[in-house]
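Participant: here's my sequence, what's the structure:
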Amino acid sequence: MKKCIFLLFSLSLIWQFNWTSVQAENTPRNIYEVKQGDTLTLIAKKYGSTAGDLKQYNGLQSDRLLIGQKLRVPIMYKVAPGDTLWKLAGKFDSAVATIKAANALSADGLNAGQKLKIVLRN
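Facilitator: All right, here's what the predicted structure looks like:
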């Protein structure tokens, strides 16, 4: 019985560490490296954005991408109770105005469960 409990405890720890590392890998300062076959549209869809937004975030003049090129992509964040634009701006090294513009927000209030695009500073 003790072996079974130890095994379950060990598996739960391993699962928890693996889950956490996957989440961290998704946002290494939100830099995406362009791979063969990538287009702005495909990358934008993957990150819940638009090709136009990616061009704006990265100062691109055209849709042309180079393999190995690094692009800034937005973080998709689900608002938690107690979150404010100011807290999120500080947490993600962004600015309130940038978050509001990326999400077409006219007011400062947020609702728990709301999904936001967070664009990081350069």
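Participant: which parts of the chain are helices?
Facilitator: If DSSP state H is used as the criterion, the helices of the chain fall at 2-25, 40-46, 51-58, 85-91, 96-102.
Participant: any idea which of those helices scores lowest on pLDDT?
Facilitator: For the helices of the chain, mean pLDDT drops lowest on helix 2-25, to a mean of 49.
Participant: tell me the average confidence for stretch 63-71?
Facilitator: Stretch 63-71 carries an average pLDDT of 94.
Participant: so what touches that stretch?
Facilitator: 31-36, 38-40, 43, 51, 54-55, 57-58 (Cβ atoms under 8 Å, 6 or more residues apart in numbering). (Glycine included, C-beta is placed from N, CA and C.)
Participant: mind running it again at 7 Å?
Facilitator: Ile31, Tyr32, Glu33, Val34, Lys35, Gln36, Asp38, Leu40, Ile43, Ala51, Leu54, Asn58 (Cβ atoms under 7 Å, 6 or more residues apart in numbering).
Participant: what about Ile118, how many neighbours?
Facilitator: The number of residues packed near Ile118 is 20, by other Cβ atoms under 10 Å.
Participant: isn't it up against Thr98?
Facilitator: No - if you go by Cβ atoms under 7 Å, Ile118 and Thr98 don't touch, sitting 8.4 Å apart.
Participant: how near is Lys91 to Gly37?
Facilitator: Using Cβ to Cβ, to the nearest Å, we find Lys91 at a distance of 34 Å from Gly37.
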